[in-house]
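Engineer: Give me the fold of what follows.
(one chain, ligands or ions: 1)
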Amino acid sequence: MPKQILLDHPTIDEADIQGDVLVGLQKAAEIFVFFTIKDAAQFKKDLKQLVPKIATTELTRKYEAAANAKSAGQPFSSADLATVLKINVAFSARGVGKLGLSHAGADPSFEVGMEVGAAQLGDSVGDWATIYRGRKIDGVFMVALWDKNIDHAETEALNAASALLGQFQPSGMAEVGREVGSLNRAEPGHEVFGFADGVSQPAVDGLHKSVADHDQSQPGQDIVALGDFVLGPYDREVGGKATPPQPWMKNGSYLVFRRLRQDVAGFDAYTQKHFKGFADSPDAFAAKMVGRWKDGSPLARDPLRPNPAHDEDHFAENNDFEFGVQKVAQTRCPFNAHIRRVYPRSDVQDGPGSAEQKRILRAGIAFDHTNATGGDQGLLFVCYQSSIVDKFQFIQTFWANADGIPFEPPYVAGLDGTMPDHPGIDLIIGQAAVRGAIWDSNKALQNVPKFVTATGGEYFFSPSIAGLKALAA
Ligand code: N7H
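Structural biologist: Numbering: from 1, shown residues only. Have a look, this model is predicted:
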């Protein structure tokens with residue numbers, strides 16, 4: 001929602017903030033190597049050697065153009081690695097503790113780890129892979145690589161991950177497990193249900209410029225305060241500055257990692273079997289659950305059919321909407337469509353609890369390990385924020401899993417009698433036991449199966465380059 005610029009326009013230290021946080025490592029494949037620290041002194045020595053190789057925001061932005069140019073031609077050679085390979089690293093609270101730095105006063109969920117709060121997120125830890133259970137993980141290396149040829153990218157990213165591990169003495173650390181993500185081979189840039197991903201992302205104050213005299217970078221893309229993503233102290237949208245609880249945490253960001261399994265066959269079968277009475281086609285039914293068509297065009301603009309003029313390639317058009325005007329009728333986009341629940345735009349008022357206050361920067365990648373004998377597929381969800389409790393956890397718990405909020409006080413200005421009090425959970429990521437939605441007074445969806453299951457995750461902190469040097473000292 002356009003508003004007068006009130007932000008402080010900070011100068012961003014792009015050479016200090018890791019590249020994945022604000023701009024995202026450009027990638028066709030990404031390997032997440034989870035590790036445990038054995039001998040802290042040895043690990044620190046090896047980490048010190050790694051720090052100069054970490055892709056910063058500055059380098060990530062610079063290399064993007066070079067990698068794009070390369071990808072238009074032949075696959076890269078080993079000589080190109082400097083422009084296409086990006087490494088970032090983050091630590092769990094347990095890992096920071098092992099390296100001897102204080103994280104007192106840090107985000108409470110980071111402090112205890114994801115497993116402790118898994119039930120609150122709606123997860124059943126019985127579904128979690130063992131590596132994520134029992135707080136074994138001290139940190140994660142992210143090795144991301146761009147190439148037009150996805151198979152080549154994956155092979156080279158795996159090679160690069162092995163080379164990286166080879167630079168660490170086994171006495172200092174050990175791999176606990178890994179995840180291999182890659183662009184969806186059937187449809188690069190689309191997640192595995194088939195929807196365009198990476199369509200809407202907040203602009204960041206200080207990084208993106210405003211258009212006209214309001215605080216949007218593209219129409220509909222609000223510029224959000226740097227302090228909502230990075231600890232400074234920098235201004236947040238609401239509630240003063242995001243202050244690092246410890247000096248070494250300046251210019252760092254909390255990283256949420258979730259391994260989300262997607263039941264693609266179940267999703268397709270459900271939409272095919274149940275669309276009648278709710279939508280004109282299985283695709284239209286699926287679009288109502290998401291709030292966008294598979295090509296990225298938003299239902300709030302194009303309720304009847306996808307519109308190529310508003311698709312994933314049209315950033316000036318595909319976010320140029322609010323939900324507010326359709327609030328009562330729900331005729332265009334259901335209240336509980338995924339994108340409406342996780343970013344309700346003008347459905348909620350400015351100020352505390354506002355949609356802008358809950359913005360996250362998403363940086364995940366799809367995974368697909370299915371083969372003739374089984375395996376699973378889904379999303380390696382990653383998001384960055386200055387508070388896990390106020391952002392990811394709030395979105396998952398109070399918006400996606402709940403069927404009333406944000407359309408109830410204190411989050412909404414006018415709860416109107418014609419609107420269902422409980423329009424339903426987010427049918428994509430909501431983890432509530434009762435899975436339903438009311439799309440209008442005559443149309444209630446009930447007992448909708450769960451299509452997304454969390455199979456693991458952890459909370460990390462992505463330190464700045466200076467913070468990494470402090471951890472390695
Ligand atoms: Fe979502 N999906 O395919 O249905 N998501 N998401 N997400 N998501 C978005 O804007 C999806 C998940 C957000 O600014 C799109 O990139 C799936 C979690 C936010 O308007 C699509 C999974 C959380 C946005 C999907 C999944 C979020 C967003 C539209 C799990 C946070 C931006 C394309 C497997 C708790 C909203 C796009 C905005 C967009 C899907 C997970 C949050 C298609 C399948 C866990 C903030």
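Engineer: which parts of the stretch 301-450 of the chain sit against the ligand?
Structural biologist: Neighbours of the ligand within the stretch 301-450 of the chain, by CB under 6 Å from any ligand atom: 338-339, 342-343, 360, 378-379, 381, 392, 395-396, 428-429. (Glycine included, C-beta is placed from N, CA and C.)
Engineer: max-length helix in the protein?
Structural biologist: Determined from DSSP state H, the single longest helix within the chain is helix 150-166.
Engineer: Not counting its own residues, what contacts that one?
Structural biologist: 27-31, 33, 50, 75-76, 81, 85, 87, 141, 143-147, 175, 178, 180, 182-183, 185, 188 (CB atoms under 8 Å, 6 or more residues apart in numbering).
Engineer: again, but for stretch 383-395
Structural biologist: Stretch 383-395 has contacts (CB under 8 Å, 6+ apart) with 20-22, 107-110, 117, 120-121, 227-231, 236, 242, 253-256, 342, 357-364, 459, 462.
Engineer: And it, end to end?
Structural biologist: One end of stretch 383-395 sits 12 Å from the other (CA to CA, to the nearest Å).
Engineer: same question, stretch 297-312
Structural biologist: In stretch 297-312, first residue to last residue: 7 Å (CA to CA).
Engineer: For it, give the mean pLDDT please.
Structural biologist: Averaged over stretch 297-312, pLDDT sits at 96.
Engineer: Please tell me how far I131 sits from A119.
Structural biologist: According to CB to CB, to the nearest Å, I131 stands 19 Å off from A119.
Engineer: Between these two, which is the more surrounded one?
Structural biologist: The residue with more neighbours, out of I131 and A119, is I131; 17 against 11, by other CB atoms under 10 Å.
Engineer: Contacts only, for that one.
Structural biologist: I131 touches F34, I137, V176, G177, G456, counting by CB under 8 Å, 6+ apart.
Engineer: Also V192?
Structural biologist: By CB under 8 Å, 6+ apart, the contact set of V192 is N184, Q262, V264, A366, D368, Q377, G378, L379.
Engineer: The first one reaches F195, doesn't it?
Structural biologist: Think N184. No. Checked against CB atoms under 8 Å, the pair N184 and F195 is beyond contact range at 10.1 Å.
Engineer: These two - which one has more neighbours?
Structural biologist: The neighbour comparison of N184 against F195 (other CB under 10 Å) goes to F195, with 24 against 20.
Engineer: Mind checking which of the residues of the stretch 301-450 of the chain next to the ligand are in helices?
Structural biologist: Checked against DSSP H, those include these in helices: H338, I339, V342, F392.
Engineer: quick one: which two of those residues are the most distant?
Structural biologist: Pairwise distances across those (CB to CB) peak at 15.9 Å, for the pair I339 and F392.
Engineer: Pick out whichever of those two has more residues nearby.
Structural biologist: Counted by other CB under 10 Å, I339 and F392 do not tie: F392 has more neighbours, with 25 against 22.
Engineer: For that one, give its distance to M114.
Structural biologist: 10 Å.
Engineer: E179 now?
Structural biologist: Counting by CB to CB - E179 and M114 are separated by 14 Å.
Engineer: Kindly report the domain assignment for the protein.
Structural biologist: Domains of the chain are assigned by automatic domain parsing as 19-210+224-260+457-472, 263-359+388-452.
Engineer: any chance you could read off phi and psi for G19?
Structural biologist: Dihedral pair for G19: phi -70, psi -30, per degrees, to the nearest 10.
Engineer: Which residue lies closest in space to it, excluding its sequence neighbours?
Structural biologist: Distances taken as CB to CB, 6 or more residues apart in numbering put T60 closest to G19, at 3.1 Å, once the chain neighbours are dropped.
Engineer: Can you verify my assumption that the one you found contacts V23?
Structural biologist: Yes. Look at T60 against V23 with CB under 8 Å: they come within range, at 5.4 Å.
Engineer: The two: which has the busier surroundings?
Structural biologist: Neighbour tally, T60 and V23, criterion other CB under 10 Å: the higher count belongs to T60, 24 against 20.
Engineer: excluding its backbone neighbours, what's nearest G404?
Structural biologist: Using CB to CB, 6+ apart, the nearest residue to G404 is H422, at 4.8 Å.
Engineer: Go ahead and confirm that neighbour touches V434.
Structural biologist: No. The pair H422 / V434 is not scored as a contact, 9.7 Å apart, by CB under 8 Å.
Engineer: can you list residues touching both of those two?
Structural biologist: By CB under 8 Å, 6+ apart, the residues touching both H422 and V434 are D403.
Engineer: more crowded one of these two?
Structural biologist: Taking other CB under 10 Å, H422 and V434 do not tie; H422 has more neighbours (17 against 12).
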